[in-house]
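[1] Everything below, folded, please.
(chains A and B)
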Amino acid sequence: DQQVKQNSPSLSVQEGRISILNCDYTNSMFDYFLWYKKYPAEGPTFLISISSIKDKNEDGRFTVFLNKSAKHLSLHIVPSQPGDSAVYFCAASALGGGADGLTFGKGTHLIIQP
Amino acid sequence: DVKVTQSSRYLVKRTGEKVFLECVQDMDHENMFWYRQDPGLGLRLIYFSYDVKMKEKGDIPEGYSVSREKKERFSLILESASTNQTSMYLCASSTNPLGSYTFGSGTRLTVV
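    All right, here's what the predicted structure looks like:
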């Protein structure tokens, strides 16, 4: 059973516009959420995170929103730039929920068009 | 900055060979992880380790084993490589198994 779901395998956005990447989760024990960015032939790099005690966290052009009742989070990138073209992974963890580490979604390939 | 180094970027091995993938981190992290990444499947956890000589199975441990003899080094072993183990292998380390990870650049393994 997939506990972290990214239902859009790919997303195409015009440069300068807003990119919105979505992530849903099923495990109500998850209380910490992260986004990673991955370029081809490189390892994922940590982008931004949010704790379940918050509903928004912002870092420059990147904002993550958390809706606990809907078990949904989203990553907003404003404005989108060509260097943002990458695969984005949503991940979640549950403090005290066991020693399995992070659970990752399957990723969304973001393509920024000029 | 934490650095996680994977010894090989690309490897080609024959079916049945024993394969060693090496990972070294330089920030004294207790936790180390091996994932594989496949198109449409995302990142799947193979094995992880919380301390020296300690290992735990992840979601897909079959066909793999690991070794952690020193804190900074975590090795993934394919006992008898098969074509379905062709994949991108990613090593990660962390001070907190539930927090942010630092990943290596990955090893693209092809089994022929």
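[2] Can you report how many residues lie near residue B:105?
    15 (other CB atoms under 10 Å in any protein chain shown). C-beta: built from backbone N, CA, C; applies to glycine.
[3] The residue nearest to residue A:54 when sequence neighbours are not counted sits in which helix or strand?
    Nearest non-adjacent residue to residue A:54, counting by CB to CB, 6 or more residues apart in numbering or on different chains: residue A:66, 6.7 Å away. Per DSSP states H and E: residue A:66 is located in strand A:62-67.
[4] What's the mean pLDDT across that strand?
    Averaging pLDDT along strand A:62-67 gives 98.
[5] quick one: strands adjacent to the next helix or strand after that strand?
    Tracing the chain C-terminally past strand A:62-67 and defining elements by DSSP H and E, one meets strand A:72-77 next. According to DSSP bridges, strand A:72-77 has the following sheet partners: strand A:19-25 (antiparallel), strand A:62-67 (antiparallel).
[6] for chain B, which spans come out with low pLDDT?
    For chain B, the stretches flagged by pLDDT under 70 are B:1-2, B:97.
[7] Chain A contacts on that one?
    Residues of chain B lying close to chain A (CB under 8 Å from any CB of the partner chain) are B:4, B:9, B:31, B:33, B:35, B:40-45, B:48, B:50, B:56, B:58, B:90, B:92, B:94, B:97-106, B:108.
[8] again, only using 7 Å
    Applying CB under 7 Å from any CB of the partner chain, we find that chain B lies next to chain A at B:33, B:40-43, B:45, B:48, B:50, B:56, B:90, B:97-98, B:100-101, B:103-106.
[9] Can you turn the buried part of the residues you listed into a ChimeraX selection?
    In ChimeraX, this line selects whichever of those come out buried by 16 or more other CB atoms under 10 Å in any protein chain shown:
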select /B:33,42,43,45,48,56,90,97,98,100,101,103,104,106
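[10] In strands, which of the residues of chain B next to chain A appear?
    Judged by DSSP state E, strands contain the following of the residues of chain B next to chain A: B:33, B:42-43, B:45, B:48, B:56, B:90, B:103.
[11] Point to the residue nearest the middle of chain B.
    Among the residues of chain B, the one closest to the centroid is residue B:34, at 3.0 Å (CA atoms, centre = their mean).
[12] and that one, bridged to which residues?
    Applying DSSP bridges to residue B:34 yields these beta-bridge partners: residue B:47, residue B:91.
[13] Let's verify the nearest residue to residue B:77 once chain neighbours are set aside: helix, strand, or coil?
    Nearest non-adjacent residue to residue B:77, counting by CB to CB, 6+ apart: residue B:65, 4.7 Å away. Going by DSSP: H, G, I helix; E, B strand; the rest coil, the secondary structure assigned to residue B:65 is strand.
[14] Surely residue B:65 and residue B:79 touch.
    Yes - with contact defined as CB atoms under 7 Å, residue B:65 counts as touching residue B:79 (6.2 Å).
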